[in-house]
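Sequence first, predicted coordinates after that:
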Amino acid sequence: MVSFTCRDLGIDCSFETNGTTDCEIMKKFIDHAISAHNMPVLTAEVMLKVKKAIKKTGEEGVKTGA
Ligand SMILES: [Zn+2]
């Protein structure tokens with residue numbers, strides 16, 4: 001599982017979402033950004049920030065420590 005919150009992007013917003021893939025989160029965030037933040041065009045820079053802000057949670061192959 002992966003999760004994302006707007007706060008991770010430095011946006012003062014309580015939106016949070018989760019899904020199984022980064023791609024799924026991206027789609028949900030884009031929908032949210034359009035309706036809530038009036039951001040219809042997400043630049044590559046924003047997308048990169050979103051990718052970095054996405055947190056991996058749960059079991060599947062998450063390596064901790066190392
Ligand atoms: Zn938001």
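Cool, the structure landed. Numbers count the residues shown, from 1 in each chain.

pLDDT weak spots in the chain?
The chain contains residues with pLDDT under 70 at 59-66.

interface residues of it facing the ion?
6, 13, 15, 36 (Cβ under 5 Å from the ion). For the C-beta atoms, the positions are set from N, CA and C on the backbone; glycine is no exception.

try 6 Å this time
6, 11, 13, 15, 32, 36-37 (Cβ under 6 Å from the ion).

Narrow the residues you listed to those in helices?
Among these, the members found in helices (DSSP state H) are 32, 36-37.

Could I have the buried ones of these as ChimeraX selection syntax?
Of those, the buried ones go into a single ChimeraX selection, burial set by 16 or more other Cβ atoms under 10 Å:
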select :32
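
wait, isn't Val2 in contact with Lys51?
No: using Cβ atoms under 8 Å, Val2 is not in contact with Lys51, being 10.2 Å away.

Which of these two has more residues huddled nearby?
Higher neighbour count among Val2 and Lys51: Val2, with 18 against 12, using other Cβ atoms under 10 Å.

Show me what the more buried one is bridged to.
Beta bridges link Val2 to Gly19, Lys56, judged by DSSP bridges.

any idea how far Asn38 is from it?
25 Å (Cβ to Cβ, to the nearest Å).

same check, this time on Gly58
Distance from Gly58 to Asn38, by Cβ to Cβ: 32 Å.

of those two, who's got more company?
The residue with more neighbours, out of Gly58 and Asn38, is Gly58; 11 against 7, by other Cβ under 10 Å.

how about the nearest residue to the more buried one, chain neighbours excluded?
Nearest residue to Gly58, sequence neighbours excluded (Cβ to Cβ, 6 or more residues apart in numbering): Met1, at 3.9 Å.

wait, what's in contact with the one you found?
18-20, 56-58, 60 (Cβ atoms under 8 Å, 6 or more residues apart in numbering).
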